[in-house]
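> Sequence plus predicted model, see below.
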Amino acid sequence: MPITGAYSVVGHFGRYAVAGLRRVVLDNKGMDIRGKEGASARSVFDGEVSSVFKYGDNVDTDVIIPARYISVYSGLSSVVIKKGAKVKTRDILGPVAKDKDGTIKLHFQLRKESQKLNPEQWVR
């Protein structure tokens, strides 16, 4: 699992209808994992960090690690690694940030080249 400590999956991979909004369908390209205070993101594969960046006006940090598969970790408050760092499976990448509602939530994606994979079938 790409998060430390107790967790629950709160957003599933794929398309889904938004409750209360007719004809509104969203597409989750990964999975959303709620963690507890102090939770950190951790690598699910050995690899070398290719990107550490902030997206748009977001204060959270994202990390991309290409290996046999590409893993993407979004929603970190900071990172303890940098671009070019070699990581092993289960290495800590950084603490997971609180979202605007105060929820500690990691967004995790898994890809094989450009193909989006359902990460729930890969992690445990």
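Arrived safely.
> Who does Ala41 form a beta bridge with?
Ala41 has these beta-bridge partners by DSSP bridges: Ile3, Gly94.
> my guess is it meets Val63, correct?
Yes: if you go by CB atoms under 8 Å, Ala41 and Val63 touch, sitting 7.2 Å apart. Placement of C-beta: from N, CA and C, glycine included.
> So for the two, which residues contact both of them?
73, 76, 93-94 (CB atoms under 8 Å, 6 or more residues apart in numbering).
> Format these as CSV; extra columns: distance to Leu26 and neighbour count.
Below are the shared contacts of Ala41 and Val63 laid out as CSV (distance: CB to CB, whole Å; neighbours: other CB atoms under 10 Å):
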residue, distance to Leu26, neighbour count
Tyr73, 20, 26
Leu76, 23, 22
Leu93, 26, 25
Gly94, 27, 19
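> tell me which element the nearest residue to Gly11 once chain neighbours are set aside falls in.
The shortest distance from Gly11 to any non-neighbouring residue, by CB to CB, 6 or more residues apart in numbering, is to Asp32 (3.0 Å). Using DSSP states H and E, Asp32 sits within strand 31-35.
> For that strand, list every residue counted as buried.
31-35 (16 or more other CB atoms under 10 Å).
> From the contact counts, what lies against that strand?
In terms of contacts (3 or more CB pairs under 8 Å, 6 or more residues apart in numbering; DSSP states H and E), strand 31-35 is packed against strand 7-11, strand 105-112.
> switch the cut-off to 10 Å
When contacts are defined as 3 or more CB pairs under 10 Å, 6 or more residues apart in numbering; DSSP states H and E, strand 31-35 sits against strand 7-11, strand 70-76, strand 105-112.
> which strands and helices sit next to the last one?
Helices and strands touching strand 105-112, as assessed by 3+ CB pairs under 10 Å, 6+ apart, comprise strand 7-11, strand 31-35, strand 40-42, strand 61-66, strand 70-76, strand 115-117.
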